[in-house]
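Q: Requesting a structural model of the entry that follows:
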Amino acid sequence: MKAYLLLLPLLFSFGHLCAVAADLPGPPQAVQLEPPKESGKTLRKPDVVELIRLDSTIRLDIRYATENNFMKRRMYDTARAFLQRPAAEAVVRIHRKLKNLGVGLLIFDAYRPWSVTRQFWEETPPSQRAFVADPKLGSRHNRGCAVDLSLYDLRTGREIQMPSAFDEFTSRASPKYAGGTSEQRKWRDLLRSAMEAGGFSVDPGEWWHFDYRDWRLYPVMDVPL
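A: Model (predicted):
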């Protein structure tokens, strides 16, 4: 496992599309076996770093290393968070600015192997696939340029309540959802403004999901966690 993580900045693979599922109701039996091939692009060499090695006060709650996620099982062997270096450094800067307000960043997910994205897609009902990435394209998580996160109270250490839970597949997950309490919306909007000021953009359907501005410049990776 340690060897895999040390090689993360160097390892990534491209492949061809294969085993496309028939257009039948319900989850497909197979989508493809390898990450998408990206031809005609000049991509940066991955330079993946671990978030807490840059700032140990960033808190982790890596849900896919537990059974507390929408898949109801462990998807990662280790509870660690990695991002491409520019994205990771931006997250650290945001975290340190937020400390002035008595809160810090709580990370649910960061780099995600492409094979995990494929499993999400294959096992998610078609009616809810707006909440998961299509493996034919690869996700920003697969490129090490997306982060799922929330806020925690520096004084108590407790997660701050938002209008919805992480990975809640409902309208409450929208960053524009008008329900919930005014306090919940205040913290959600604060998180968004801080992340956007730091070079990220929020996913239109998930208040917790943010993409780094340079995500297109990095390849899809499938190095296991």
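Q: quick one, phi psi at T42?
A: Backbone geometry at T42, expressed as degrees, to the nearest 10, gives phi -100, psi 110.
Q: Which pLDDT value does the model give the spatially closest residue to P163 that is not a sequence neighbour?
A: In this structure, P163 finds its nearest non-sequential neighbour in G180, 3.3 Å apart by CB to CB, 6 or more residues apart in numbering. In this view, the C-beta of every residue, glycine as well, is placed from N, C-alpha and C. If you check G180, the pLDDT there is 97.
Q: Look up how far F108 lies from G180.
A: Remark: distance between G180 and F108 (CB to CB, to the nearest Å) = 19 Å.
Q: By residue count, what's the longest helix in the protein?
A: Ranked by residue count under DSSP state H, the longest helix found in the chain is helix 182-197.
Q: Which positions in that helix come out as buried?
A: Buried residues in helix 182-197, counted by 16 or more other CB atoms under 10 Å: 184-185, 187-188, 191-192, 194-195.
Q: got it, and stretch 78-89?
A: By 16+ other CB under 10 Å, the buried positions in stretch 78-89 come out as 80-89.
Q: Which two of those residues have the greatest separation?
A: R80 and P86 (18.9 Å; CB to CB).
Q: List the residues that contact the closest residue to L217 other than its chain neighbours.
A: Distance criterion CB to CB, 6+ apart; nearest residue to L217, sequence neighbours excluded, is R44 at 4.9 Å. Contact analysis of R44 by CB atoms under 8 Å, 6 or more residues apart in numbering lists 84, 214, 217-218.
Q: got the phi/psi numbers for R44?
A: Main-chain torsions, R44, degrees, to the nearest 10: phi -70, psi 150.
Q: Can you check the pLDDT for it?
A: pLDDT, R44: 92.
Q: what do you get for K41?
A: pLDDT for K41: 75.
Q: neighbours around it, how many?
A: 8 (other CB atoms under 10 Å).
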